[in-house]
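Trainee: Sequence below, structure please.
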Amino acid sequence: MDAKLGPTIYDIAEKANVSISTVSRVFNKSTSVSKKTRKKVENAIEELNYIPNAIARSLANKSSNTIGLIVSDISNPYFASVIDGIESILGTEGYSAILCDTRYSLEREKKYLAQMLEKRVDGIIIFSVYQSDYSFIKTAKNIIPFVSIQSDFGETDTINTHDEKGAYDAVQHLIDLGHKNIAFMLYDYDSMTISNRFKGYINAHRTNDLPVNKNYIVKMKFQPNVGFDMTNYILDNFPEVTAIFAYNDKLAMSSYIAIQARGLKIPDTISIVGYDDTEIASCLTPKLTTVEQPIYDIGTNAAELLIKRIKERENTIPKLITLPTKLIIRESTRSV
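Mentor: Predicted structure coming up:
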């Protein structure tokens, strides 16, 4: 036995006094092996503390039982809940995930996607923020099963939510409370979620014959505490703003910190609405009004659809699953 590499299938066969092909049939759960022989092989595996070579087995079986999972910001509680949903399905199906965090970098996204293909993952689930530059994704989805989350790459299985309606409902809520000067904090990327929530913000203004002040639309690239910087920019330059709609709960949380650091009160001085309804929303003081997404269900639907595609292994019509959103009114908004 090679002490450096550990026991092999040959060592198991020798220990159990059976052929290599018999050991292979036990691994593959063949019914042609007798209970007595199977027990001998299983005992040998246990005694030798054998750990299968996953790479070798994936080459032989043309399956690695792994899924590539690419997200844009693992520090965002939204992704923690999505991943939780994905893992709940993968575990029951015998799959594991390789997680990559792009930090909103296109180059990292391309690099991780290439690495997933090199590692022979069985499929990929991706949340991308680059709608306009996705030729590399087109290539990948023609090679292995591919599911996108809240992104639109054309002819791709996609899990989406009613983002435009969710944003519309959030801004309409503020308008119903009498707010007319409503800022919108969002990331400066061309993703489908950003585009749709922007449309919802604009449409709520138009429906109510309320002019859109472009100065109130504050966009910045992703970086630590960017929501803090956005909020300070709004407070310093537009004191007439009475409400802020944040692209997600993470930005809203940073907004809380910036506002309260100035000794201002939420919602007495300014109202805030977030998006996602992550666990943090109901833990903030005051509790955050936000748009609920079925985050866990986004993950389970993505995993179930991907595994279905892996098992089918045939060309099928791309499927779009769109899940509902709901405005959750709490303590961070009030009338003016």
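Trainee: Report the contact partners of Y189.
Mentor: Applying Cβ atoms under 8 Å, 6 or more residues apart in numbering, we find Y189 in contact with Y104, V129, Y130, K221, F222. C-beta coordinates here come from the backbone N, C-alpha and C atoms, glycine included.
Trainee: quick one, what contacts the residue nearest to A246 when sequence neighbours are not counted?
Mentor: Among residues not flanking A246 along the chain, A252 sits closest, at 3.9 Å (Cβ to Cβ, 6 or more residues apart in numbering). A252 sits next to G227, I244, A246, I272, V273, G274, Y275, A281, L284, L288, T290, S332 when contact means Cβ under 8 Å, 6+ apart.
Trainee: Which parts of the stretch 1-150 of the chain are helices?
Mentor: For the stretch 1-150 of the chain, the helices defined by DSSP state H, counting those that start in this stretch cover 9-16, 20-27, 35-48, 54-61, 77-93, 106-118, 135-141.
Trainee: hang on, the earlier thing: confirm that the residue nearest to A246 lies within a helix, as I assumed.
Mentor: Yes. If the criterion is DSSP: H, G, I helix; E, B strand; the rest coil, then A252 is within a helix.
Trainee: one step back: and the helices of the stretch 1-150 of the chain as CSV, adding mean neighbour count, distance to M185 and mean pLDDT?
Mentor: Listed next are these as CSV, based on neighbours: other Cβ atoms under 10 Å; distance: least, Cβ to Cβ, whole Å; pLDDT from 0 to 100:
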stretch, mean neighbour count, distance to M185, mean pLDDT
helix 9-16, 18, 57, 83
helix 20-27, 18, 54, 77
helix 35-48, 15, 56, 89
helix 54-61, 13, 44, 49
helix 77-93, 19, 16, 93
helix 106-118, 16, 22, 84
helix 135-141, 16, 28, 72
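Trainee: returning to what we had before: which of the contacts of A252 lies closest to P145?
Mentor: The shortest gap between P145 and any of those belongs to Y275, at 29.3 Å (Cβ to Cβ).
Trainee: Was I right to think F238 contacts K214?
Mentor: No. The pair F238 and K214 fails to qualify as a contact (Cβ atoms under 8 Å) at a distance of 11.6 Å.
Trainee: In terms of packing, which of these two has more residues around it?
Mentor: Taking neighbours as other Cβ atoms under 10 Å, F238 and K214 compare with F238 leading, 14 against 6.
Trainee: Let me know the pLDDT of that one.
Mentor: On pLDDT, F238 comes in at 98.
Trainee: mind listing what it touches?
Mentor: So F238 contacts N181, A183, N215, Y216 (Cβ under 8 Å, 6+ apart).
Trainee: how close does it sit to F27?
Mentor: According to Cβ to Cβ, to the nearest Å, F238 and F27 sit 66 Å apart.
Trainee: can you list the helices of the stretch 1-150 of the chain in CSV and add distance to T322?
Mentor: Converted to CSV, the helices of the stretch 1-150 of the chain look like this (distance: least, Cβ to Cβ, whole Å):
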stretch, distance to T322
helix 9-16, 47
helix 20-27, 42
helix 35-48, 47
helix 54-61, 34
helix 77-93, 16
helix 106-118, 24
helix 135-141, 19
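Trainee: right, and those helices - which one's nearest I67?
Mentor: With Cβ to Cβ as the criterion, I67 lies closest to helix 77-93 of those, at 6.1 Å.
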